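Undergrad: 3D, please:
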Amino acid sequence: MPAHRLPLSLATVLGLAGAALADPITLTDQAGRTVTLPKAAERIASIPIPMASTIIAMDGGTGKLVGMNPTAKSAIVEGVLGKIFPEAKDIPSDITAPNFIPNVEELAATNPELVIQWADYGADLVDPISNAGLNVALISYGTEEKTRYYHEMVATAMGKPERAAAINGWRDTVAKEMAEKAKAIAPDKRPKVLYLGRAMENLTASGNKGNYNAWYIDLVGGVNASASVEGNGTTISPEQIAEWNPDVILLNSFEAKLGIDRIYSDPILSLTKAAQEKKVYKLPLGGYRWDPPSQESPLTWMWLANLLHPDVFHYDLRAEMKKAYKALYNYDLGDDDIDGILWTQMQGDATNYAQFKAK
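TA: The predicted structure is shown next:
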């Protein structure tokens, strides 16, 4: 399959000035609030974890990110973005406590023109920012629709709506193509896929409602093995997993020390069909973690589609990654970079994983 062309060349967008950057900008955030900026934001602080790398992608660099969540910073420093943008390690990450309550003094010290905060966790997370006289826009997270909206929101705030249009257009093209191909996959050919949101100390899984992992598992022709779970991030037992007996197990990329041996060394989990058939995979860590929604999500879908149905989906993932990273970050991704993102040293012997090796 030929490499996908982004609907609008992001390399071209990098050179566009966008709307007049000195004009006032008005947007509606994901809490339905109207936010007015006197001009395109040049200094943005992000309290939600995923937004730091999103801001970098929408701007094509780190110049506008003046503060971020410490967990977001660890993902950047540990991942390939830390290599692409080594200056990110110097961006302050003390603007929030671990529970997303803003550290207003440190936040104000970054002199932000816009602060991004969560929309869904109450006024205690928002009012201190507003009361400090800072502009704040709120985001909601967890679905494809919400992701596309906050992409548009932050790009508009920067005066670069073309960036979001191009990135979201890419998402739309890939998702529609996948959905069309998946129609031909019979129900009895759709593997049961279990995504473990945590697996080091506790095992957690999520149902289908509001679960982004379940959404893309379905998109690429799989079935969420934990669909019966009530809520998200619910603690489960090895015995419950054995009862589900998933065909594929996906491990999160949030737990840095988590490897596929976690499943193979467990006396119960090692007996599952997934383990017996060597179909245990750790989600890649790229510009952001590939498990949740991000600017790189189409790459996650391609990765999983190729693993679940290599007879249906034939993405040249390495070529797609190189093209996407050039567009998103203006970076020429090397083969060693790709091997690191995909954890090929750890899981290169897993079933169907040889397709991702450098040719």
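Undergrad: Show me the strands in this structure, by range?
TA: Counting by DSSP state E, the chain has strands at residues 25-28, 34-37, 44-46, 65-68, 114-118, 136-139, 192-196, 203-205, 223-224, 234-236, 248-251, 280-282.
Undergrad: any idea how far A350 is from A225?
TA: Using C-beta to C-beta, to the nearest Å, A225 is found at 18 Å from A350. (C-beta placed from N, C-alpha, C; glycine too.)
Undergrad: before we move on, what about P293?
TA: 24 Å.
Undergrad: what's the most buried one of the strands of the chain?
TA: Most buried of these, by mean neighbour count (mean count of other C-beta atoms under 10 Å): strand 44-46, with a mean of 29.
Undergrad: partner strands of it, parallel or antiparallel?
TA: strand 65-68 (parallel), strand 114-118 (parallel) (DSSP bridges).
Undergrad: would you turn these into JSON lines with mean pLDDT and distance to G231?
TA: What follows is the strands paired with strand 44-46, written out as JSON lines (pLDDT from 0 to 100; distance: least, C-beta to C-beta, whole Å):
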{"stretch": "strand 65-68", "mean pLDDT": "98", "distance to G231": "28"}
{"stretch": "strand 114-118", "mean pLDDT": "98", "distance to G231": "18"}
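Undergrad: Throw those strands into a markdown table and include distance to F356, thanks.
TA: Conversion of these to a markdown table gives the following (distance: least, C-beta to C-beta, whole Å):
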| stretch | distance to F356 |
| --- | --- |
| strand 65-68 | 30 |
| strand 114-118 | 34 |
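Undergrad: and of the ones you listed, who's closest to M58?
TA: strand 65-68 (10.1 Å; C-beta to C-beta).
Undergrad: Tell me the bridge partners for L138.
TA: According to DSSP bridges, beta-bridge pairing links L138 with Q117.
Undergrad: Now do the contacts for it.
TA: L138 is in contact with D29, Q30, A31, R33, I116, Q117, W118, A119, V126, counting by C-beta atoms under 8 Å, 6 or more residues apart in numbering.
Undergrad: of those residues, closest to Y264?
TA: Comparing these against Y264 with C-beta to C-beta places W118 closest, at 36.9 Å.
Undergrad: Next one: the closest one from A274, what distance?
TA: With C-beta to C-beta as the criterion, W118 and A274 are 34 Å apart.
Undergrad: rewinding a little: which one of A225 and A350 has more residues nearby?
TA: A225 (25 against 19; other C-beta atoms under 10 Å).
Undergrad: that older thread, and A22, which of the strands paired with strand 44-46 is closest to it?
TA: strand 114-118 (15.6 Å).
Undergrad: Off-centre distance for that closest one?
TA: How far strand 114-118 lies from its chain's middle: 18 Å, per C-alpha atoms, centre = their mean, to the nearest Å.
Undergrad: for stretch 322-338, same thing?
TA: The answer for stretch 322-338 is 16 Å, by C-alpha atoms, centre = their mean.
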